[in-house]
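# model the structure of this input:
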Amino acid sequence: MHINKKTRLIVCFVILCAGLMLGSCNRKQQPPPNIPEVAVFTIKPGRVALTTELPGRVFAYYVAEVRPQVHGIIQKRFFEEGADVKAGSLLYQIDPAPYQAAYDNAKAALARAEANVPPIRLRTERYKELLSVKAVSQQEYDDIAATLKQLEAEVDTRKAAVESARINLEYSSIRAPITGRIGRSNVTVGALVTAHQAAPLAVIQQIDPIYVDATQSSANLLRLRQSIAAGRIKQDGPEQTKVKLLLEDGTVYPEEGRLKFSDVTVDPSTGSFILRMVFPNKKHALLPGMYARAIVQEGVVDNAILVPQQGVSRDPKGNPVVLVVDGEGKVQQRIINIVERAIGDKWFVTSGLAPGDRVIVEGTQKVRPGASVKAVPFDTGQAKPSEKAEKAVQPPAKAN
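I've put the predicted structure just below:
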């Protein structure tokens, strides 16, 4: 019996040790709790230019509608449709025969009037001498002096008639009033045209340089002025007048334009006003009537805080919120204030974040406030900023 009890004790001890060893092994094989990994964007304030994108239309720098100033038949056309013409170049020739005849007739009438003046002038001088010795009466002298004045006035009238005839003769040759590109001709050789007719013979447009008229909301202008007055936005000197342009297909126009002026009247039907910009157009890539979008710089903000758009969400009340990783590696929720405009692929944050804060950009679905996370830097190279806005934010130390 004694041996059996001892044996049982040994067996129980062996089983107990085996159980403890097995439990220890199980505890060693159990994996540690899983900590989610998130990509964070570290806040670094910088200098950013605020731009706005405005719809606009392209307009010619100069437009001249060519109309005849005399009547007649078109004898010849001297230009090719769609070609460039210079100011003063001959465009059309109206039959000059009647105007040449009128000019010659006016010159002949002038010569006849001038021929009548010398004899009367000499007689007037003699009468003046005779009047001093009482050889002729005062009435006779006054009559001959009046006749001289009438003849001199007739000469002046004939000179004016000659000048008028000369102008009409010159108007029979229709010339380009400006340098530019001429469109299609609305008349052919042999057509009868009339002076100052409603329909133009052709239209010349100067398109280098060229205008772009964009519309801006007056409400946006008031908000911008308030921000400038409060010091949140400052003007950027000469850079303020520089303008970029996006074409209809979304490509960026290679030449940079400048802001020329803003209209002083707001359209009551749209609540907007016109901004006129001038762009060089040497290659004639811009044509009148084209739609374009102008990128106008409104101002510059120093120490601006930008957050990638994908890191900002909304709470049930509609407030913009972000998730931030604190110094202990735990998630916190922050309510922020943003300006309702995109700077590239980022939001402009006015409050709620500070330099050095780490905002979760990727992995927000896997975490909640208070949870521990592993933060890794967000690869900004994956973001694709819009080419329609500023792509780079310069640090304040490098600002001009």
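# quick one, what contacts residue 137?
Residue 137 makes contact with residue 131 under the criterion Cβ atoms under 8 Å, 6 or more residues apart in numbering. The C-beta positions use only the backbone N, C-alpha and C, and glycine is treated the same way.
# in terms of pLDDT, where does it sit?
Note on residue 137: pLDDT of 90.
# the one 4 residues further on too?
Model confidence at residue 141, given as pLDDT, is 88.
# packing partners for the one helix or strand residue 296 maps to?
Using DSSP states H and E, residue 296 maps to strand 291-308. Contacts defined by 3 or more Cβ pairs under 8 Å, 6 or more residues apart in numbering; DSSP states H and E place strand 291-308 against strand 46-66, strand 202-217, helix 218-230, strand 242-246, strand 272-279, strand 337-343, strand 346-351, strand 358-362.
# average pLDDT across the helix or strand following it?
Next helix or strand after strand 291-308 toward the C-terminus (DSSP H and E): strand 313-314. Strand 313-314 carries an average pLDDT of 88.
# now do stretch 220-238
65.
# what sits up against stretch 197-209?
Under the contact criterion Cβ under 8 Å, 6+ apart, stretch 197-209 has outside partners 60-68, 79, 81, 85, 91-92, 174, 176-187, 193, 278-282, 284, 286-288.
# try it again with 6 Å
The contact list for stretch 197-209 (Cβ atoms under 6 Å, 6 or more residues apart in numbering) reads 60-67, 176, 178, 180-183, 185-187, 278, 280-282, 284, 288.
# now do stretch 157-173
Outside stretch 157-173, the residues touching it (Cβ under 6 Å, 6+ apart) are 69-70, 90, 93-94, 96, 99-100, 102-103, 106-107, 109-110, 113.
# cool, stretch 117-128 as well?
For stretch 117-128, contacts defined as Cβ under 6 Å, 6+ apart pick out 136, 141, 144-145, 147-148, 151.
# redo that, cut-off 10 Å
If you take Cβ atoms under 10 Å, 6 or more residues apart in numbering as the criterion, stretch 117-128 is touched by 135-138, 140-152, 154-155.
# buried members of those into ChimeraX, please.
Those of the contacts of stretch 117-128 that count as buried under 16 or more other Cβ atoms under 10 Å are selected in ChimeraX with:
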select :136,141,144,148,151,152,154,155
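# quick check: buried residues in the strand holding residue 296?
292-301, 304-308.
# which one of those residues is nearest residue 370?
residue 307 (21.4 Å; Cβ to Cβ).
# so what's the gap between the biggest helix by length in the chain and the chain middle?
As assigned by DSSP state H, the longest helix anywhere in the chain is helix 138-171. Taking Cα atoms, centre = their mean, to the nearest Å, one finds helix 138-171 lying 58 Å from the centre of the chain it belongs to.
# likewise stretch 331-339?
35 Å.
# likewise for stretch 199-218?
12 Å.
# pull out the CA atoms of it and give them to me as CSV.
Presented in CSV, the C-alpha positions along stretch 199-218 are these (Å, rounded to 0.1, in the frame of the first residue of the first chain):
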residue,chain,number,x,y,z
ALA,A,199,-22.5,95.3,-93.1
PRO,A,200,-18.7,95.4,-92.9
LEU,A,201,-16.6,94.3,-95.9
ALA,A,202,-14.3,92.4,-93.6
VAL,A,203,-13.1,92.4,-89.9
ILE,A,204,-9.5,92.8,-88.8
GLN,A,205,-8.6,91.7,-85.3
GLN,A,206,-5.3,92.2,-83.5
ILE,A,207,-4.7,89.1,-81.4
ASP,A,208,-1.1,89.6,-80.2
PRO,A,209,-1.3,90.6,-77.4
ILE,A,210,-4.9,89.4,-76.6
TYR,A,211,-7.4,90.1,-73.8
VAL,A,212,-9.0,87.6,-71.5
ASP,A,213,-12.1,88.8,-69.6
ALA,A,214,-12.9,86.8,-66.5
THR,A,215,-15.8,87.3,-64.0
GLN,A,216,-15.4,87.4,-60.3
SER,A,217,-18.1,87.4,-57.6
SER,A,218,-18.4,90.7,-55.7
